[in-house]
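K.L.:
sequence below, structure please.
(one chain, ligands or ions: 1)
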Amino acid sequence: MNTTSEYIIRLACANRPGIVAAVATALFEGGFNILDSQQFDDTVSDRFFVRIHFEQTRADADIDINALMAPVAARFDMQYSVHDCRKLRRVLLMVSKFDHCLADLLYRWRTGELAMEVVGIVSNHPRDTYAQLNLGDIPFHHLPVDKAAPNGKAEQEARVWDIVQSSGAELVVLARYMQILSDDLSAKLSGRCINIHHSFLPGFKGARPYHQAYERGVKLIGATAHYVTADLDEGPIIEQDVERISHRDTPEQLVRRGRDIERRVLASAVRYHLEGRVLLNGHKTVVFPE
Ligand SMILES: Nc1nc2c(c(=O)[nH]1)N[C@@H](CN(C=O)c1ccc(C(=O)N[C@@H](CCC(=O)O)C(=O)O)cc1)CN2
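P.N.:
Numbering: from 1, shown residues only. Sure thing, here's the model as predicted:
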């Protein structure tokens, strides 16, 4: 079949019969072919979620997909988004002192595993902090937070926001960026800022979670990738994983063992977001599998 482009549509609406049929018919009549379709009926919230991957099969297909979808969206009062798979999402990476997640994301990007365009790196630490990394010609922005200045944090965040806007960043990834975003910046980045927290949330929120875990004597440590909200480490969870530890592990060994968990959890969450597999469901997410 001769195809010219592929798209991902994600939609959510109140559940009722006929949603998938209506969308599928609109796509078919518009000259598109469905490659993959996934849906979830949340019987508790009575919300319905759909992810459809489809291709253009006719040269004269109605590629104004929003126009194609408008009557269906109105009929079912649905929120939806369409992504053209040919367009790489623009991603801004943010980091503080620990760069293992940044290094991992850059490797996965350079090897093609993460289909994205890295538009910049922001850090509250200077570039030479990452002397062992190849940052190439990625724009690097050293934005320290002057906590002694009355508006130090606000001024730094204003520069962050300027960079988000000027770079056209569609996704911001906090790759162990260890500054708490203000309510204002969290709101501006709602649904498009992913953080990696180095614990199996909701356990051990906040700072130094491995030391909290050590003091608690847990037998599992983990990492959690979540969307950032004003409420620290309370945002909708995208991905998590854990590893078994023992009484022999010191806090330093937990930090070391945790790095691998953080890397794979964050990379998975970023990929799920880039592939349009994540839909917000209140304070939770729906993550459609590969
Ligand atoms: N609004 C939000 N901002 C951030 C979140 C979030 O969920 N909502 N996640 C954090 C990451 N994080 C844990 O994963 C975290 C980062 C920072 C701190 C903290 O106590 N920071 C201190 C300063 C620490 C320093 O300067 O070294 C602070 O900001 O006062 C706790 C948890 C990223 N931001």
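K.L.:
state the pLDDT value of the nearest residue to Met178 once chain neighbours are set aside.
P.N.:
Distances taken as Cβ to Cβ, 6 or more residues apart in numbering place Ser96 nearest to Met178, at 4.1 Å, with adjacent residues excluded. Every C-beta, even on glycine, is put in place using the N, C-alpha and C of the backbone. At Ser96, the model reports a pLDDT of 98.
K.L.:
next up, the contacts around Ser96.
P.N.:
By Cβ atoms under 8 Å, 6 or more residues apart in numbering, the contact set of Ser96 is Ser123, Asn124, His125, Arg176, Tyr177, Met178, Gln179.
K.L.:
kindly report the same for Ala149.
P.N.:
Applying Cβ under 8 Å, 6+ apart to Ala149 gives the contacts Glu155.
K.L.:
scan the contacts of Ser96 and report the most crowded one.
P.N.:
Highest neighbour count within the contacts of Ser96: Tyr177, with 25 neighbours (other Cβ atoms under 10 Å).
K.L.:
pretty sure that one is touching Leu92, no?
P.N.:
No: applying Cβ atoms under 8 Å as the test, Tyr177 and Leu92 come out as separate, 10.5 Å apart.
K.L.:
where does the stretch 1-150 of the chain have low pLDDT?
P.N.:
Residue ranges of the stretch 1-150 of the chain with pLDDT under 70: 1-4, 62.
K.L.:
show me what from this protein comes close to the ligand.
P.N.:
Residues of the chain lying near the ligand by Cβ under 6 Å from any ligand atom: 174, 177-181, 186, 195, 197, 206-207, 228-230, 232-233, 235.
K.L.:
buried subset of the residues you listed?
P.N.:
Taking 16 or more other Cβ atoms under 10 Å as the criterion, what is buried in the residues of the chain next to the ligand is Leu174, Tyr177, Gln179, Leu181, Ser186, Asn195, His197, Val228, Thr229, Asp233, Gly235.
K.L.:
how about CSV for those residues, with secondary structure, distance to Val218 and pLDDT added?
P.N.:
Converted to CSV, these look like this (DSSP: H, G, I helix; E, B strand; the rest coil; distance: Cβ to Cβ, whole Å; pLDDT from 0 to 100):
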residue, secondary structure, distance to Val218, pLDDT
Leu174, strand, 24, 98
Tyr177, coil, 25, 98
Gln179, coil, 26, 97
Leu181, coil, 28, 98
Ser186, helix, 28, 98
Asn195, strand, 21, 98
His197, strand, 15, 98
Val228, coil, 25, 98
Thr229, coil, 25, 98
Asp233, coil, 17, 96
Gly235, coil, 22, 98
